[in-house]
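Undergrad: Pasted the sequence and its predicted model underneath.
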Amino acid sequence: MKRKLLLLILIGGALGLFAQTTFPVNGAPDNRTGKYAFTNATIYKSHDQMLENATLVIEDGKILTVGANISIPSGAVVKDLEGQFIYPSFVETYANYGMPEMKKGSGGGWRSPPQPLSNKKGAFGWNQAIKPEWNAAENFKIDSKSAKEWRKLGFGTMLIHSKDGISRGTAATVTLGDEKEQEQLLQSQSAHVLSFEKGISTQTYPRSLMGSIALIRQTYLDGLWYAQQGVNEERNLSLDAWNKIQNLPQVFVTRDRLEILRAANIAAEFGKQYIIKGTGDEYKRASEIKAKVQSIILPINFPKAYDVEDPYDAMAAELQDMRHWELAPTNPAQMIKAGMNVALTTDGLKKKDSFHKMLRKAIEAGLSEADALKALTFTPAKMIGAEKWVGSLESGKLANFFISSDNIFKKGTKIYQNWVQGKPYEVNPIPQENLSGKYDLQIFRQIHDMEVSQKDGKTKAKLIVNDSTSTKVNIKVDKGQLTLSLTPEGESGSYRLAGTVDGKNWKGRGQGQDGNWLNWSATYKGELEEKPEKKKKETTKSKEIISKIAYPFLPYGWTTKPQQETVLITGATVWTNESEGILEDADVLIVGGKISKVGKGLSAPSGATTIDGKGKHVTSGVIDEHSHIAISKGVNEGSQASSAEVSIGHVVNSEDINIYRQLAGGVTAAQLLHGSANPIGGQSGLIKLRWGLTPDEMKIENSDGYIKFALGENVKQSNAGDNRRSRFPQTRMGVEQVYVDHFTRAKEYAAVKKSGKPFRKDLELEALAEIIESKRFITCHSYRQSEINMLMKVAEQFDFKINTFTHILEGYKVADKMAMHGVGGSTFSDWWAYKVEVDEATPYNGSIMHKQGVTVAYNSDDAEMARRLNQEAAKAVKYGGVSEEDAWKFVTLNPAKLLHLDNRMGSLKPGKDADVVLWSDHPMSIYAMAEKTWVDGVRYFDREKDAELQKEIAAERSKLIQKMLKEKEKGGDTQAVKKKRPQQYSCGSLHQHMDSESHQH
Amino acid sequence: MKFINIILLFLLPMGLTAQIIPGSAQQTPILIEGGIAHLGTGKVLDNAHILIEDGKISRVANQKIEDVPANAERINATGKHIYPGFIAMNTRLGLVDIDAVRATRDFREVGQRNPHVRALIAYNTDSKILPTVRSNGVLLAQVCPEGNGISGQSSLMALDGWNWEDAVIAADEGIHLVWPNDFRRMGWWAEPGGIKKNEKYEEQKAEIEDYFEQAKAYAADQPEVKDLRMESMKDLFNGKKKLYIHTDGAKTIESAVLMAKRQGVSPVIVGGEDAWQMAGFLKTNGVSVVLHPPQSLPNHSDAHIDQPYKTAGILASAGVTVAISQGESWQNFNLPFQTGQAVAFGMDPEAAIQAITLNPAKIMGVEKKLGSISAGKDATLFICAGDALDMRTNNVTEAWIAGRKVDLDNHHKIMARKYEAKYPKGR
């Protein structure tokens, strides 16, 4: 028999099971084959193949056969599953099941002293958050309690990893049985998992999202270098491991929709294709994500409705959150519709057992059952390369399946058993024989009317007293054995009865309250009368979706993409910023995103919109040379004296309401700057305020590269607290040497690069070398004249020029030297007195620099002030008597010059970009309002449209509030309203979660 | 521009060494002739004639004044604008010189209940900041202690004087209470995790009310053992002191006002971001509001982008006594423009001027003495070449505090002159 079987297995190939393991056997070996046949079941062989009245045969933990008309092999235990369902068990792709808890060591907080290098023992890489050497399989320990929780939901297989770090090392594929890790582990190193989060690393670097991005990019480069050359120079276990796991599936964990786009950009740069772990808000940027991502793991932790009964509390609820409440359940269906491979995950669920409820929500919101099943079986299995074991019920695959009472997506369906590698785990007891009916219960000589019913597999019983009263009978049924306890009406004590089912009737023995033994019996009288079903409350949920999917997903976002228009503005005061000066009663024609004509008596081409500009002013758009809006997760890397490798361009946040607010202040372009925490900061992002477009689309095409430098108190950490006394430099003297050192290294680097010898591509030195080669330009945060002078001298020593001093509050003291060097000054109009180095600041600064021939701009460094830079320009007139025409250039043409964009922006000159503002009044007056703002000829802001939007927002809000109230009435879960803190950066903001009180300018 | 250069050159030798000296008491009468006077009451005189004698405004007319004392200094203000001295509410002016230097920060005491702490004695009349602020027309300031809970007592100060004693106009005129937040801040700043309900809010509210109940009982008693804090609270219950309650939310404004009413204290709301939603309630209860700067970001992403610009106007139209404040310290030279911003977004211009003149005076209970250009009041006023609320035209040419001529020179101008001297002429 055994031989035969062995032969069979050998022929079958896949079924290699003569329980031969490396483990010593204690006593006689257990050689049971575990052969079972499940008959008469509805079997989902796969997500798209359902078999009725079918049979599943398993043996030795694997599937032997599955089908509708198959013969049951001899020696199989037969289980009749009439009326029951069998599904391939679910596959989870994002879990830390069986992983050790990752505890953070001391340090690493933004108040703790800096930790420049990894403190991990061993010959690993320099950064603690990059740990490709970490293998989940080596750290896997079965956690029976947790396995049970997962099995309850229907899961049988998982990709596990430790949710910590930027390179999190490799994930392992395991099944959810309780025995031996060696049996549960299907595959070590199934995938490499990455994220932008440094996790428990106590190392200071990286402390911002852009730092994480730079670190990942540098690690890819280091891996390449290590394989070619570096291995001869250092033995680095992290890079060894990194290179080995590059061909595995790469899972990238993101925290929001924009991070997906950022991860995808890295993937494209290094020829990778990531499986994205999403957050559930992908529908907000569906088409962009679809264009870059093929496979995605989606959570179904849909938010609860807000408790909006208190109108004051409801005020705090944000439209975008209310919309998300309504739309989040549509996310899985939308992503599948978009054509992505979607796996669903339990990750993010506060309570795991809400999984099926959330699944049903997703299905109600448009996800088909077949797609839901596919996203829980086939797709995740395929994603992680486990389709040879799991994902469907086919012969040769693992016997990983569960048995349920009904369709698994139906409310009330129970999972009875979850089988893992052919071993059964009970989830809910399979219901016993149905004993429903009317009985005469005779105890001793008393006869009672008893009714027995069955619901959800549980047997219930009661004694009927009259039409309206009954007394409860506690009853337990266990394979023909009965236990009852009851207190009949009018009696004070209870009877405890035990007995057996005998045909239709029951009988047995028991004890009354006096403790005497007695006989009892129950005689079947007939079926229960069917009660007319209670009319269920009308719970037909309103299918109507109120929420708008706006771009960005914020109030004031657009639902129809605004298009370039042909516009003629007539009869206005036109500030050309060109030799024509300020033209009265003049016209401006915009065609194809460009300024077409400026002059008097222009005629409107066909299809043009004509706007009467009488009494109004037209200017080119305001350009903010120093802005920190629209930046995600950290404006300062700042953990090292130089962070030239990081770039704000990588973390542009298109979903910042301040973009819209600033369009309403006439701003059309901005330089998004790194902060001022270190002498050499990070690269800039130059954007146009193209409201609603993606981060990449907001960036100004073909603009020159910029980088932030900083001098003075911030970089020497004067106001940063007592535990920030160790990073070099701590004085202005040291700052100079940081520059000299870095430029010297950059020069050497450039030389090696030119020589053709192999070299390690270093993102930091690349940026610094670009500066020396005048391919990247410095905007330097500065206050004191001494160091301003110093930096110009350092630059001259290395034969390049500083492009811009920003803040530059003591520029008026060295304006002549600045003019000589050719550096511009982008300053505050009137800030001072907030720290020692601005004690000698004066609002006359701008005018004095201007008079000395310095190109002067006024900037904001502040999301609020940027809304009224037009007024700030007036201060150049007030403080120092600059002409109005020149003062206006402080916020338009001059910043364009400083950003090398004056060939495209900064004035109303035919051929330049149509970044145009129509003002209600003299643009520098406090009473002026930007009425319409065009960027590239697209009207992104219009006060008339804004008034409509306000009404629409109010209406949408109140409809959603009504819908939430209904949800609460229906007994749905609600949560307290959360207010959001406004996000604002200034350049001194040190940490991505630094307190707003600690801003420094 | 040339003209200014000439003036600067003329001033050069003197300016570099000039000291800014507090104004001395008025010796001779001053007559301001012509000009557009914004009285601070909501009224405008387009041909104003104002006579100033002994530090007081003695006559105001919309025509020539006869019988002017012969020795009067006559100032032709034709085409210019005349305003009562602007009053900066809720400031730390004089309590801090350089924000980042702890040694100069004197506006926040330790502890949650400091009604006995008085701002005025820390008021630094030599602060370089004060002259820069008054140069734009802001001549008086309410100087306030900050903190959590009860932060202390504020005083109305002149932005000119030899020491706090002669700069003070209304000493210890009010006590400041920072109302607890009903929402607690969660997450962190870059990734706002939302603001959750402050679970301790009810408790904190009850503690405050209990404190006031005890203070009221103490005030009615003559205890043998004096409690310094309770002593300071006494004048709240007899109306001699105002209770300034700092809070922004609609619901907290309501709670704060009701608490004050129950305790028989007259409240003023400071902050008031959401006060526009409570205009009716505030009006009915006769509660004034000292508003945060209009040039602020909306406190909610759904809020209209212009909401902070519009709030003052909404309150004023509803009949609420509203003052516009700039807060903080050196920033107060922009108080006039904060006010102009409100005008740009719908506030009546004279109501806006009132919000930085007569209304602050009313709120602090000194409206009989100052706050408007009216006969009998202190001669605290200034002349401006243009509209003072617009930075395009704000150019203060003369200013007086109680008849004392204000030196309009300041640190900024001195530094500018110093370095103008460095550069050759004509560049």
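TA: Perfect, thanks for sending it.
Undergrad: mind showing which ranges of the stretch 51-200 of chain B have poor pLDDT?
TA: In the predicted model of the stretch 51-200 of chain B, residues B:184-195 satisfy pLDDT under 70.
Undergrad: could you pull out the strands for it?
TA: B:56-61, B:73-76, B:81-84, B:86-91, B:138-143, B:149-158, B:168-178, B:183-187, B:192-197 (DSSP state E, counting those that start in this stretch).
Undergrad: what about the fifth one and chain A, touching?
TA: No. Between strand B:138-143 and chain A, judged by C-beta under 8 Å from any C-beta of the partner chain, nothing touches; the nearest distance is 13.7 Å. For every residue, glycine as well, the C-beta is placed using N, CA and C.
Undergrad: Could I get the buried residue list for that strand?
TA: Residues B:Val138, B:Leu139, B:Leu140, B:Ala141, B:Gln142, B:Val143 are the ones in strand B:138-143 that count as buried (16 or more other C-beta atoms under 10 Å in any protein chain shown).
Undergrad: And these, which is closest to A:Phe402?
TA: Nearest to A:Phe402, judged by C-beta to C-beta, of the buried residues of strand B:138-143 is B:Gln142 at 71.8 Å.
Undergrad: Pull the contacting residues for the closest one.
TA: Residues near B:Gln142 by C-beta atoms under 8 Å, 6 or more residues apart in numbering or on different chains: B:Ile87, B:Ala88, B:Met89, B:Asn90, B:Thr91, B:Ser154, B:Ser155, B:Leu156, B:Met157, B:Glu173, B:Pro360, B:Met364.
Undergrad: need the contact list for the fourth one.
TA: This points to B:Asn90. B:Asn90 makes contacts with B:Gln142, B:Cys144, B:Tyr244, B:Val270, B:Val290, B:Ser325, B:Gly327, as judged by C-beta under 8 Å, 6+ apart.
Undergrad: Give the closest residue to it in space, chain neighbours not counted.
TA: B:Ser325 (4.5 Å; C-beta to C-beta, 6 or more residues apart in numbering or on different chains).
Undergrad: Show me the two of the contacts of B:Asn90 that sit farthest apart.
TA: B:Tyr244 and B:Gly327 (12.7 Å).
Undergrad: who has more neighbours, these two?
TA: Between B:Tyr244 and B:Gly327, B:Tyr244 has the larger neighbour count (other C-beta atoms under 10 Å in any protein chain shown), namely 27 against 22.
Undergrad: Would you mind giving both backbone torsions of the more buried one?
TA: Dihedral angles of B:Tyr244 (phi, psi; degrees, to the nearest 10) stand at phi -90, psi 110.
Undergrad: can you list the domain ranges for the chain.
TA: Looking at chain A here, since you left the chain open. Domain assignment for chain A, taken from automatic domain parsing, gives A:32-89+A:390-433, A:91-100+A:127-216+A:245-386, A:437-526, A:626-868.
Undergrad: think we crossed wires, I meant chain B
TA: Chain B breaks down by automatic domain parsing into domains covering B:19-84+B:371-408, B:86-369.
Undergrad: which residues in the stretch 151-300 of chain B form helices?
TA: B:164-167, B:201-219, B:228-237, B:250-262, B:279-284 (DSSP state H, counting those that start in this stretch).
Undergrad: closest to chain A out of those helices?
TA: When these are compared by C-beta to the nearest C-beta, helix B:250-262 sits nearest chain A, at 4.2 Å.
Undergrad: can you give me the helices in the stretch 651-800 of chain A?
TA: Along the stretch 651-800 of chain A, counting by DSSP H, counting those that start in this stretch, helices occupy A:657-663, A:695-698, A:732-755, A:763-772, A:785-797.
Undergrad: nearest to chain B, of these?
TA: The minimum distance between chain B and the helices of the stretch 651-800 of chain A falls on helix A:657-663, with 4.6 Å, by C-beta to the nearest C-beta.
Undergrad: Tell me the residue of the stretch 501-650 of chain A that sits nearest chain B?
TA: Relative to chain B, the nearest point of the stretch 501-650 of chain A is A:Pro555 (4.7 Å; C-beta to the nearest C-beta).
Undergrad: surely that residue meets A:Gln320?
TA: Yes. Using C-beta atoms under 8 Å, A:Pro555 is in contact with A:Gln320, at 7.1 Å.
Undergrad: overlap in contacts of those two?
TA: B:Ser301.
Undergrad: returning to that earlier point: TSV for the domains of chain A, including distance to chain B?
TA: Output for those, formatted as TSV (distance: least, C-beta to the nearest C-beta, whole Å):
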stretch	distance to chain B
domain A:32-89+A:390-433	31
domain A:91-100+A:127-216+A:245-386	4
domain A:437-526	38
domain A:626-868	4
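Undergrad: show me where the stretch 251-400 of chain A has helices.
TA: Listed in chain order, the helices of the stretch 251-400 of chain A (DSSP H, counting those that start in this stretch) span A:257-269, A:286-292, A:311-316, A:319-327, A:331-337, A:355-364, A:369-376, A:378-383.
Undergrad: So which residues make contact with the fifth one?
TA: Just to be clear, that refers to helix A:331-337. By C-beta under 8 Å, 6+ apart, the surrounding residues in contact with helix A:331-337 are A:278, A:280-283, A:286, A:289-290, A:296, A:298, A:300, A:342, A:344, A:362, A:365-368, A:371-372, A:375.
Undergrad: Which among these count as buried?
TA: For the contacts of helix A:331-337, a burial check counting by 16+ other C-beta under 10 Å picks out A:278, A:280-283, A:286, A:289-290, A:296, A:298, A:300, A:342, A:344, A:362, A:365-367, A:371-372, A:375.
Undergrad: ok, back up a step: which one of A:Pro555 and A:Gln320 is surrounded by more residues?
TA: When neighbours are counted by other C-beta under 10 Å, A:Pro555 and A:Gln320 differ, and A:Pro555 comes out ahead with 26 against 22.
Undergrad: what helix or strand is that one on?
TA: Assigned by DSSP states H and E, A:Pro555 belongs to no helix or strand.
Undergrad: Please state the offset of the helix ranked longest in chain A from the chain centre?
TA: In chain A, taking DSSP state H as the definition, the longest helix is helix A:943-969. Relative to its chain's centre, helix A:943-969 lies at 26 Å (C-alpha atoms, centre = their mean, to the nearest Å).
Undergrad: ok, back up a step: could you provide the helices of the stretch 151-300 of chain B in TSV, with additional columns for distance to chain A?
TA: Shown next, in TSV, are those (distance: least, C-beta to the nearest C-beta, whole Å):
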stretch	distance to chain A
helix B:164-167	19
helix B:201-219	12
helix B:228-237	27
helix B:250-262	4
helix B:279-284	12
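Undergrad: I'd like those as CSV, with mean neighbour count appended.
TA: Output for the helices of the stretch 151-300 of chain B, formatted as CSV (neighbours: other C-beta atoms under 10 Å in any protein chain shown):
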stretch, mean neighbour count
helix B:164-167, 18
helix B:201-219, 16
helix B:228-237, 19
helix B:250-262, 20
helix B:279-284, 16
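Undergrad: Turn those into a markdown table, columns for distance to B:Lys413.
TA: Shown next, in a markdown table, are the helices of the stretch 151-300 of chain B (distance: least, C-beta to C-beta, whole Å):
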| stretch | distance to B:Lys413 |
| --- | --- |
| helix B:164-167 | 22 |
| helix B:201-219 | 46 |
| helix B:228-237 | 41 |
| helix B:250-262 | 41 |
| helix B:279-284 | 41 |
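Undergrad: Compare these and give me the one nearest B:Leu408.
TA: When the helices of the stretch 151-300 of chain B are compared by C-beta to C-beta, helix B:164-167 sits nearest B:Leu408, at 17.3 Å.
Undergrad: For the stretch 251-400 of chain B, what lies in contact range of chain A?
TA: By C-beta under 8 Å from any C-beta, the residues of the stretch 251-400 of chain B that approach chain A are B:251, B:274, B:277, B:295-302, B:304-306, B:329-330, B:333-334, B:337, B:340-341, B:343-345, B:389-392, B:394-395.
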